[in-house]
Structures are given as C-alpha cells and as structure tokens.
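[1] okay, here's the prediction I keep looking at, along with the sequence it came from:
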Amino acid sequence: MGRGTITKDYVAMKNTLKVLLVIACLSFAAVGLIADADTNDKLITKSRTTTFSAEELAELPLEFQIQIRPTHPAPNYTPKRAGSYTEEEWNDLIDATWGEGLSSEIKYNLWYNYWQHIKITFPCFIDLSPNVWDSVWNLYNPQVLEPVSKGRFSAILSHASMALMEPHTLVWDNEVTFTELAPGVPLMENRYWGILDHFGAGLTPLEDSTLLVYNTVEDHPLGLVPGDLVLGYDDVPWHILYRQMLAMEMPLTGYNSGAHEHSWTHSWLGSAGQNWHLFDTIDIVKYDTGDTIHLATDTLGKREMAHWGASQLDIPGVPMPDYIGGIPVSSGMIEGTKIGYIYCIGWFLDAENAFASVVNTMYAKLATNEITGLIIDFRSNFGGNMWLAYSGLGVLFNEPTETIAFAQRCNPSDPTVLCTVSDPSDQPIEGISSSFFNRPIAVLVGPGAHSAGDQVALAMAHHPRAKLFGKPTRGTFNGPAERTLHPDYFFNCAVYDAYLGSNPGVYLTHDVFPSTEDFPWVDYQHVWLTRDGVAAGIDDVVEAAKDWIISFDLDQDGIVNAEDNCLEIANTDQVDTDGDTVGDACDNCVNLPNPDQPDDDEDGIGNICEYTCGDADGVPPVNILDIVYVINYKYKSGPAPDPLESADVNHDFLVNILDIVYLINYKYKNGPDPECVAWEV
C-alpha cells in the first residue's frame with residue numbers, strides 16, 4: 001500500500017494539569033506547545049511530570065512537544081456498545097462526536113489553500129506515483145464541496161496528507177486530534193513509541209506482522225509480559241484490521257508513520273495497542289504457554305498506566321536518557337565489557353554539549369585501552385537540529401566529511417525541479433586531525449529515528465569504522481516549516497528535500513535507509529527484537545552489535561580485538577615480554593609491566609622506563625645527593641634506585657663502586673656523562 005499517514009502524537013492528561021494551552025500559528029516552534037506564564041510550573045501528564053519551561057518547549061521537536069500536550073474529552077461522547085460497528089455506524093458516530101464545526105465555505109477555503117500550497121511548494125513529490133496530488137484532489141474535493149462534519153473534514157485532511165508519505169507534512173484540527181481516547185471514540189491513533197499510557201505496553205512488529213510485547217507497566221491489566229504476542233482484536237489480525245479502518249477514513253491522531261513502505265507499515269502495525277478503544281476483545285498469544293487468549297479491552301480503561309516505549313531494552317551499566325525530564329543524552333560502559341554506549345533521543349535542548357561531552361569521554365578511553373568499541377543508539381530519536389550533533393561527531397572523525405545538503409521547489413508548475421539552497425561543504429563534520437576513533441562503531445537505527453534522527457544516523461554511516469544495525473529509519477530526510485491555514489488548525493509542511501554531497505540531484509526523502517537498494521555503500525545488518533530475546537531481557541540488536549565489535553580485527557592480524565594485546569599494530573605472535581597484557585609491538589616500556597601505558601611527556605617511552613641517567617634518587621638534577629643515595633644503597637642497606645639502571649652510569653649492567661666513582665668524576669672532575677642503558681628483566 002503506497003501511502004503513509006501523517007498526524008500528531010498525543011497523550012491523555014489528568015484534570016490536575018496546571019498549565020495554559022497556547023495554540024500559536026505564528027511560528028513552527030510555537031505551534032502545539034504547552035505554555036505557562038510561570039515557567040516554573042510543571043506539566044502533569046497522567047502520573048508523569050515534566051519540568052520544561054515555555055522557552056525549553058519551544059526548542060523541542062514537534063513530535064516531542066505533542067507527546068506532552070493535553071487532551072480533552074470528546075465533546076459529544078457516546079460510549080461504545082458491544083459488537084463491531086459497520087462503516088456507516090462509524091461515520092454517524094464521527095459526525096455526532098464533534099458536530100458541524102466551521103461553515104462549509106471556510107472549510108472549503110481551508111481545503112483549497114492547503115491543497116494548493118502542497119501543489120506548488122512541496123519538494124518531496126519525487127519518487128511518488130505520478131499525479132498523486134491530483135488524485136487526492138479528485139477524490140476529496142467533491143466531498144468538501146458538500147456539507148461535511150467537523151470530524152469528517154479532519155479525516156479528509158489527515159488522509160490527504162497520508163498520500164504524501166512524508167511524516168513532516170501534516171494538518172490537523174486541534175479539537176478533533178487532541179480528543180481523549182475512550183471506548184467508542186471514533187479516532188484512530190498512529191503511535192508506537194514515546195508515551196504509551198493508553199495501552200501500558202510497547203509493541204513492535206515481527207516479520208509475520210504479529211506484535212511483540214517488549215516492555216510493559218508493572219502488573220499490566222491484561223497480564224502482558226515481554227515475549228507475549230498481540231494478534232489483533234475481535235478475532236481479526238491487526239495487519240488486516242488497521243487497513244480496513246484506514247479504508248473507512250476515520251479521523252486520525254498521532255505523529256508517526258514513515259516516508260517509505262517499510263517504516264509506514266512498521267508504524268501502523270506497532271500502533272495496535274493504542275487503538276484498543278475501537279474494539280471489544282484483544283487476541284493475545286502467551287509466551288510461557290503458547291495459548292491464544294481473548295480478553296475484554298475495557299479492562300485497560302480502569303487504571304492509569306504511565307509507560308514509555310522506545311523499542312529498546314535496558315542495558316546493564318548504561319542508564320537510559322530521561323525522556324520526560326528533557327535529558328536527551330546518556331552513556332555508560334556495557335557491564336563486563338570494554339564497549340561504550342551512547343543513547344541520544346533527539347537533537348534539542350542541551351544535546352549538543354551533552355553529546356560532545358560523552359563522545360570526548362569515550363575518545364579519552366582509547367589512550368588507556370579502556371574501550372574496544374562504541375555503540376550509538378538512535379533507535380528512538382525525535383529529531384530536532386541535526387547540526388547539534390556535529391561537534392561531537394567531529395571528535396570521532398579525523399578529517400572534514402561532507403554529508404547532506406538541501407534543495408527546494410523552484411518551479412511551481414513542475415514538482416520534479418528543485419534548486420539547491422545549501423551545499424554539503426557549508427556545514428561538514430569538521431573532523432579533528434589529531435583525533436580519530438579508530439575502534440568499531442555500531443550505530444543502532446530503526447523507524448523511531450525521525451528527521452534529524454534519520455540525518456545524523458546517515459552522517460555516522462560515513463565513518464570508516466561504522467556499521468549500522470537494526471531496521472530502516474523513518475526516511476524523513478527533509479526540513480519542515482509551519483504554515484498558517486486557520487487558527488483552529490495546525491499545518492506543517494516539508495519545504496526542503498535533502499541530497500548527499502556525493503550524489504547531487506538525487507533526493508533522499510522516500511529512500512529506505514539503510515538498504516542495499518538505496519544505500520549500497522552503507523555497511524548494515526538487518527536485525528530486530530525477538531520473542532526469546534525480550535523474554536530473557538536481551539536486546540537482540542545490541543547483542544548483534546556487541547558480537548560484531550568483539551569479532552572486529554582492527555589491525556588485520558588475524559586476532560580479534562577482544563583477544564588482541566595490540567589492537568592497532570599487527571602482531572600475530574602476541575609477544576608480551578613483561579606480561580602486562582600489552583603486546584611488545586605497542587608497549588612503551590617492553591621490559592617493565594605498565595598495563596595503563598602512562599607517558600606524561602608523550603615521547604613514546606613509558607613513565608616507568610623513563611629516567612635521567614645518574615639520577616639515582618629520582619629527584620633531578622644529578623648531584624651529590626645521588627652519589628650519597630648509591631653509597632647508602634650499596635653499603636648501608638638504603639633503598640634501591642628506581643629504576644635500578646638509573647645508577648648504572650657506566651652501563652655494565654651492575655651497580656657498584658665503579659658507578660660511584662664514575663658519578664664523582666662526572667660531577668667534580670669533568671669526567672664523561674653517565675650512559676645508562678635499559679636492563680633486560
């Protein structure tokens with residue numbers, strides 16, 4: 001089915017909400033925000049509490065903003081009766097729930113302006129079916145010419161946007177879209193990640209289109225546990241049901257979908273749980289028994305369920321980001337390994353500094369051999385400003401690297417003609433010549449990587465040590481802007497399409513990234529969560545990345561990193577003379593154990609092997625105190641010089657009276673300089 005859905009994400013909020021709702025149509029940043037005159041007040045989302053000020057909210061990506069936007073009860077609520085509804089019954093309910101709304105004239109003008117704006121400015125028609133937008137006009141214009149209810153008009157706008165297969169481009173009726181979901185409310189939600197309080201569990205599609213439960217609230221009302229499967233509702237598989245419901249053109253809410261068939265399908269399949277309010281029973285396969293059970297859905301509406309879903313499992317040693325608290329970056333070392341891990345859920349607020357800081361921390365571990373590889377997890381990334389990632393990426397790259405740039409429509413009558421508005425050389429990843437993260441970097445991706453989440457993952461694919469793991473990203477390789485239609489409606493539209501600097505004129509929106517067909521140069525392994533994995537608390541995507549890092553052979557000497565005592569210099573013999581786990585080929589002090597390899601003056605000689613010949617007491621310069629020190633060592637049981645060879649000034653591999661005489665001659669009779677050499681141990 002070659003079309004995508006565009007709407008907005010939403011979450012039910014309690015009457016205890018203590019903020020004002022501001023619907024501003026003056027700028028993209030202001031639309032859809034929750035603002036409060038007192039920026040210290042908190043936003044209460046069910047049992048969740050966020051502490052974003054109005055200024056901070058303005059910096060959030062749209063998809064994140066609407067996660068915490070309040071909803072309101074249906075204006076004319078009719079509780080669901082038992083049994084399935086026919087299409088005619090749903091249509092009657094749609095008309096009754098929100099009433100008539102704006103006048104027919106205003107609705108038509110709004111529709112026309114929306115359609116016309118897309119026709120002349122939308123830059124992502126390339127790769128869509130020819131005449132797709134004219135087909136939308138032919139389908140819906142006759143309907144809008146007739147009187148249509150508020151709910152039906154909202155559905156028309158949403159489904160028209162869905163034909164564009166572009167998640168940034170969406171239009172919604174504020175009242176309809178932010179109606180609270182309840183049994184019988186004729187509103188279909190497209191949301192499979194983020195705040196999933198309506199269902200209380202995260203679902204992700206498997207290859208057979210069943211939905212895997214990967215995490216849940218504690219004591220889920222349906223008894224769901226990781227490893228269970230959701231099949232569908234009322235004995236009909238969800239992969240059939242959602243297409244039937246879409247064919248009825250029910251009003252939509254949510255803000256997921258995708259710019260290509262893979263992510264679009266993933267989004268709608270994964271949204272199964274958020275749509276229980278449209279059905280009577282839910283069909284579940286239990287992991288432990290294999291039994292298929294049918295449970296009443298109304299159980300779900302009797303309890304608050306604060307829940308976040310991100311298609312990620314907890315990793316020992318690595319804290320998750322604070323999704324609701326607005327801390328977008330977190331990091332750690334995977335327990336029991338030398339593998340670093342970085343989460344980033346979006347490029348907003350302090351993400352630039354936070355990401356650069358943790359990348360620098362990981363890079364510093366190279367010098368002390370504390371890290372053998374790095375995992376960067378973008379599977380849940382709301383987007384934002386992609387350039388905020390580039391200062392951190394510059395630490396990983398060792399040379400300037402051009403990635404993408406943007407173009408826009410420059411011929412209103414020809415949707416295939418775009419003109420560049422930026423060049424890849426304008427904002428490359430700078431790269432630092434003195435640094436390079438030359439260990440393997442696993443980049444985890446999936447349909448939850450959106451907008452700048454897509455774009456930064458693509459940038460990381462340019463790193464020579466990077467390999468991608470997961471599923472294709474959402475495919476939103478473009479830039480949006482908000483447009484004004486009417487105070488009661490929100491309209492966002494892609495205005496720039498992206499292209500690779502290496503391939504100008506070939507635009508990326510609707511491409512499947514990563515994939516062999518569209519990105520053959522990207523090293524990528526398709527892998528996702530499995531039943532057995534999540535039931536055991538194992539993240540299969542992370543395990544695949546770990547296995548690759550452990551098996552990586554950086555110096556190509558036939559010995560994998562995890563077992564190689566010299567990662568960057570080939571040493572098939574693995575000789576380690578001093579037994580400090582650092583091979584002689586890269587040991588800065590071959591004969592004395594120094595596993596951390598400290599070398600304060602960076603001259604290639606380890607501190608433990610570095611000394612001034614004749615400085616027996618270790619306190620420069622060489623003077624009478626060193627002569628006394630050697631005399632005490634040899635004849636009065638004093639401490640030994642450290643290292644001992646520092647007192648072997650005549651380099652005969654002994655410390656004795658001859659060295660004492662040598663030092664006296666050197667200091668007081670113009671004798672030759674001390675000439676120590678390293679001793680074998």
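    Structure received. Numbering: from 1, shown residues only.

[2] what's near enough to touch the closest residue to Asn588 other than its chain neighbours?
    Leaving aside its sequence neighbours, Asn588 sits nearest to Gly606 (C-beta to C-beta, 6 or more residues apart in numbering; 3.8 Å). Any C-beta I mention is one placed from the backbone N, CA and C, and that applies to glycine too. Shown in contact with Gly606 (C-beta atoms under 8 Å, 6 or more residues apart in numbering): 587-589, 592, 594, 597-599.

[3] ok, longest strand in this protein?
    Looking across the chain with DSSP state E, the single longest strand is strand 489-500.

[4] tell me which other helices or strands that strand touches.
    Where contact means 3 or more C-beta pairs under 8 Å, 6 or more residues apart in numbering; DSSP states H and E, strand 489-500 is packed against helix 104-121, strand 170-173, helix 174-177, strand 404-409, strand 478-483.

[5] among these, which is nearest Gly301?
    Gly301 lies closest to helix 174-177 among the helices and strands packed on strand 489-500, at 20.2 Å (C-beta to C-beta).

[6] and the next element down the chain from that closest one?
    Next along the chain after helix 174-177, taking DSSP states H and E as the criterion, comes strand 188-190.

[7] within its sheet, name the partner strands of the following helix or strand past that next one and how each one runs.
    Following strand 188-190 in sequence order, the next helix or strand is strand 194-195 (DSSP H and E). Using DSSP bridges, the strands paired with strand 194-195 are strand 308-309 (antiparallel).

[8] just the mean pLDDT for the partner strand, thanks.
    Taken as a whole, strand 308-309 carries a mean pLDDT of 93.

[9] poorly predicted segments of this structure, please.
    Scanning the chain for pLDDT under 70 picks out 1-51, 553, 592, 600-601, 680-681.

[10] ok, now with 50
    The chain contains residues with pLDDT under 50 at 1-48, 681.

[11] hang on, the earlier thing: got the angle for the longest strand of the chain vs helix 104-121?
    Angle, strand 489-500 to helix 104-121, by axes from the mean of the first three to the mean of the last three C-alpha atoms, to 10 degrees: 10 degrees.

[12] got the buried residues for strand 489-500?
    489-500 (16 or more other C-beta atoms under 10 Å).

[13] could you dump those residues to CSV with distance to Glu370?
    Shown next, in CSV, are the buried residues of strand 489-500 (distance: C-beta to C-beta, whole Å):
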residue, distance to Glu370
Tyr489, 54
Phe490, 48
Phe491, 50
Asn492, 44
Cys493, 47
Ala494, 43
Val495, 45
Tyr496, 41
Asp497, 42
Ala498, 37
Tyr499, 39
Leu500, 35
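
[14] between the contacts of Gly606, which is nearest His307?
    Minimum separation from His307 among the contacts of Gly606 (C-beta to C-beta) is found for Gln597, which lies at 46.6 Å.

[15] just give me the neighbour total for that closest one.
    The number of residues packed near Gln597 is 17, by other C-beta atoms under 10 Å.

[16] what separation do you get for it and Asp584?
    Applying C-beta to C-beta, to the nearest Å, the value for Gln597 to Asp584 is 12 Å.

[17] could you do His168 as well?
    56 Å.

[18] show me what the helix or strand containing Trp90 is packed against.
    Taking DSSP H and E as the definition, one finds Trp90 inside helix 87-98. Helix 87-98 sits against helix 150-162, with contacts defined as 3+ C-beta pairs under 8 Å, 6+ apart.

[19] and the helix it packs on, what does it pack onto?
    helix 87-98, helix 104-121, helix 132-145, strand 170-173, helix 174-177, strand 252-254.

[20] possible to save the ones you listed as CSV with mean neighbour count and distance to Trp521?
    Shown next, in CSV, are the helices and strands packed on helix 150-162 (neighbours: other C-beta atoms under 10 Å; distance: least, C-beta to C-beta, whole Å):
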stretch, mean neighbour count, distance to Trp521
helix 87-98, 17, 47
helix 104-121, 17, 32
helix 132-145, 15, 30
strand 170-173, 26, 32
helix 174-177, 24, 40
strand 252-254, 28, 34
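
[21] same list (these) but as TSV, adding distance to Thr78.
    Below are the helices and strands packed on helix 150-162 laid out as TSV (distance: least, C-beta to C-beta, whole Å):
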stretch	distance to Thr78
helix 87-98	6
helix 104-121	24
helix 132-145	23
strand 170-173	19
helix 174-177	15
strand 252-254	18
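
[22] for these, which one sits closest to His294?
    Taking C-beta to C-beta, helix 87-98 is the member of these nearest to His294, at 22.3 Å.
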